[in-house]
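Novice: my questions concern the predicted model and sequence given below.
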Amino acid sequence: MKRIIFLLFVCLPFLAFSQKAQIQFESNLHNFGTVEEHGGSVTHDFVFQNTGQVPLIISNVRTSCGCTSPEWSRQPIPPGGNGIIKVSFNPQNRPGAFTKSITVNSNAETPVSSLTIRGTVNRRPADPYAAYTFSAGNLKLAANTLNFGSVKNTDKPVKEIAVVNTGDKPVQLSFESVPAAFLTVTSEPEVLEKNKPGRIRVAYNAAARKEWGFVSDKFTVKTNMGMSHDVTVLANISEDFSEYVGRFEEAPKAVFSDRNAELGTVGKNVLKKHELYIENTGKNDLIIRKIGISDETRVKVSPAKTVIKPGKKIKVELSVQFDDKPGRKVYVVSFTLNDPASSLVTYRISGNVQLNNTTQP
């Protein structure tokens, strides 16, 4: 009997540590069927449940196309609780069959989940300028957003926007506020005659962008008639790990001292601090490419270094300025690393703000 009791005391901490959140969707696929191109956006709610033993946190939801936009439950979902990821699809200028993917990142035991929407868009009646829905005077543009999607940091992709001159006079294009360090914007031809089509060509240099993750930029299309229209450029820049193909054992490897900071019960407007350590057990330098913070007004993250030599570790100081609103607070810090096995590591910081300023022991 003493031996059984001893084993229980030994095993219980390990069982508690192994508890994970679990995300279970009612369905990972939704078919919209046939939708009308001019009928506006359609939406669907992907309902999920946390079937795990700890709160579930959705840290990010990404879509494969700018035509698809997600909304999701931002608060932690308690064990047994339900949440919704609302996905909208805009069928405008997208006739024909479509299949779009949605990637869900969370703290679940399986941290990445995939959702899919599909259907068929009915083409609206023929119109010579139907595809050109944005205007700068008589210059019509087929889009005002260029989404380059997933881009490796070594890529130099090119995308185009179709344009047409619907006026009686020639239109000459020029471009302003172009982030020239990484974007090259040209028009072909330089002058558009009446009813003649053309294109705006945008070349993206991901290495020169010197950023990671989701990035957004803008430039302005201007005509010789004095009219203008802004164009947004989107990209999701990730590390190119092709140099390690066939020899991943030589890559850097990040080991975090912990993945969660539970700061307990705190008073209103209290500043709390926490330390974590990141060790590089790989064979090349580990680089912290970027640190993302869910609430930069409340959370500060200060790594001792951003380059960690093989066999070394660094300290990362975290400070949280809690507000004066009682209740549980959860903040998420994401580390973008050059570790092929853990290129994005999510760290959670939580605490409970109580009604008065006296913390419980």
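Specialist: Everything's here; your move. Owing to the predicted nature of the structure, the values given are computational and were not obtained by experimental measurement.
Novice: just checking, Ile200 touches Val233?
Specialist: No: using Cβ atoms under 8 Å, Ile200 makes no contact with Val233, being 11.2 Å away. Yep, even glycine has a C-beta here, placed from its N, CA and C like the rest.
Novice: now do the helices in the stretch 151-300 of the chain.
Specialist: Counting by DSSP state H, counting those that start in this stretch, the stretch 151-300 of the chain has these helices, from start to end: 206-209.
Novice: could you list the low-confidence segments of it?
Specialist: The model of the stretch 151-300 of the chain has no residue with pLDDT under 70.
Novice: outline the domain layout of this structure.
Specialist: As recorded under automatic domain parsing, the domains making up the chain are 21-122, 134-238, 248-353.
Novice: now tabulate those domains in a markdown table and tack on distance to Pro128.
Specialist: Shown next, in a markdown table, are these (distance: least, Cβ to Cβ, whole Å):
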| stretch | distance to Pro128 |
| --- | --- |
| domain 21-122 | 14 |
| domain 134-238 | 8 |
| domain 248-353 | 45 |
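Novice: turn those into JSON lines, columns for mean neighbour count.
Specialist: What follows is the domains of the chain, written out as JSON lines (neighbours: other Cβ atoms under 10 Å):
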{"stretch": "domain 21-122", "mean neighbour count": "17"}
{"stretch": "domain 134-238", "mean neighbour count": "16"}
{"stretch": "domain 248-353", "mean neighbour count": "16"}
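Novice: so where do the strands sit in the stretch 251-361 of the chain?
Specialist: 254-256, 260-266, 271-280, 286-293, 299-303, 307-308, 313-321, 327-337, 344-353 (DSSP state E, counting those that start in this stretch).
Novice: could you dump the ones you listed to JSON lines with distance to Ser150?
Specialist: Converted to JSON lines, the strands of the stretch 251-361 of the chain look like this (distance: least, Cβ to Cβ, whole Å):
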{"stretch": "strand 254-256", "distance to Ser150": "22"}
{"stretch": "strand 260-266", "distance to Ser150": "28"}
{"stretch": "strand 271-280", "distance to Ser150": "26"}
{"stretch": "strand 286-293", "distance to Ser150": "16"}
{"stretch": "strand 299-303", "distance to Ser150": "25"}
{"stretch": "strand 307-308", "distance to Ser150": "25"}
{"stretch": "strand 313-321", "distance to Ser150": "28"}
{"stretch": "strand 327-337", "distance to Ser150": "14"}
{"stretch": "strand 344-353", "distance to Ser150": "13"}
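Novice: so which of those strands is nearest Met227?
Specialist: Smallest distance to Met227 across the strands of the stretch 251-361 of the chain (Cβ to Cβ): 37.6 Å, for strand 286-293.
Novice: could you tell me the angle between that closest one and strand 344-353?
Specialist: Strand 286-293 runs at 40 degrees relative to strand 344-353, counting by axes from the mean of the first three to the mean of the last three Cα atoms, to 10 degrees.
Novice: list of residues touching strand 286-293?
Specialist: The contact list for strand 286-293, computed with Cβ atoms under 8 Å, 6 or more residues apart in numbering, reads 211-213, 239, 252-254, 278, 280, 299-301, 303, 306-308, 310, 331-339.
Novice: can we see that at 6 Å?
Specialist: With Cβ atoms under 6 Å, 6 or more residues apart in numbering as the test, strand 286-293 has contacts from 212, 252, 254, 280, 299, 301, 303, 306-308, 333-336, 338.
Novice: most widely separated two among those?
Specialist: Using Cβ to Cβ, those span at most 25.4 Å, a distance reached by Pro252 and Val299.
Novice: can you pull the contacts of Arg247?
Specialist: Per Cβ under 6 Å, 6+ apart, neighbours of Arg247: none.
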